[in-house]
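**Q** Here is a sequence with its predicted model. Questions after.
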Amino acid sequence: MIRKGLISLCFVVPAAGFAQERDCADPVSQSDMNICAYEAWQRADVDLNDTYARAMEVARGWSDGAAEALRAAQRAWLPYRDAACTAEGFLFEGGSMEPFIVNSCLEHLTRQRTEELRAVYEMN
């Protein structure tokens, strides 16, 4: 078992040396654009989760059922977002731009939803 772990490290550690710094403000390749779009979506998703948690705290202070309604809305929105962006990706299916298009869509819709949820607790 230890031998397998050491053998795996022989491949992973040298590969880390080939990693390049990406400048997402000025990506130079489609691969960089794809990775940067994915990372932007991941940051947007963290913000969404934080905002959703805060909106849920506020909704719990409203009348009975408010938090459950917000939870149901969020659970319905997530599959919509994923399906809408998957559908948008089919415009570039199999091409090098497909991941960029899908991840950019995911980031856009996620940020849009974050603002909608932020309005929930800013109105309070």
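**A** Now that the structure is in, tell me what you want to look at.
**Q** how far out from the middle of the chain is the longest helix along the chain?
**A** Longest helix in the chain, counting residues (DSSP state H): helix 30-60. The chain centroid and the centroid of helix 30-60 are separated by 5 Å, computed with CA atoms, centre = their mean, to the nearest Å.
**Q** now the following helix or strand past that helix against helix 30-60, angle please.
**A** Going down the chain from helix 30-60, the next helix or strand is helix 66-89, by DSSP states H and E. Relative orientation of helix 66-89 versus helix 30-60 (axes from the mean of the first three to the mean of the last three CA atoms, to 10 degrees): 160 degrees.
**Q** could you give me the average pLDDT of helix 66-89?
**A** Across helix 66-89, pLDDT averages out at 98.
**Q** ok, now stretch 105-114?
**A** 99.
**Q** And the contacts of that stretch?
**A** Stretch 105-114 is contacted from outside by 37, 40-41, 44-45, 47-48, 51, 77, 81-82, 84-85, 88-89, using CB atoms under 8 Å, 6 or more residues apart in numbering. C-beta here means a position set from N, CA and C on the backbone, and glycine is covered the same way.
**Q** 7 Å instead?
**A** 37, 40-41, 44-45, 47-48, 51, 77, 81, 84-85, 88 (CB atoms under 7 Å, 6 or more residues apart in numbering).
**Q** ok, now stretch 50-59?
**A** With CB under 7 Å, 6+ apart, stretch 50-59 has contacts from Ala66, Ala67, Leu70, Gln74, Thr114, Leu117, Arg118, Val120, Tyr121, Asn124.
**Q** Extract the CA atoms of it and return them as CSV.
**A** Below are the C-alpha coordinates for stretch 50-59, written out as CSV (Å, rounded to 0.1, in the frame of the first residue of the first chain):
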residue,chain,number,x,y,z
ASP,A,50,-23.1,32.6,2.2
THR,A,51,-25.9,34.9,0.9
TYR,A,52,-28.4,32.1,1.0
ALA,A,53,-27.5,31.3,4.6
ARG,A,54,-28.0,34.9,5.6
ALA,A,55,-31.3,35.1,3.7
MET,A,56,-32.5,32.0,5.5
GLU,A,57,-31.7,33.5,8.9
VAL,A,58,-33.8,36.5,8.0
ALA,A,59,-36.6,34.4,6.6
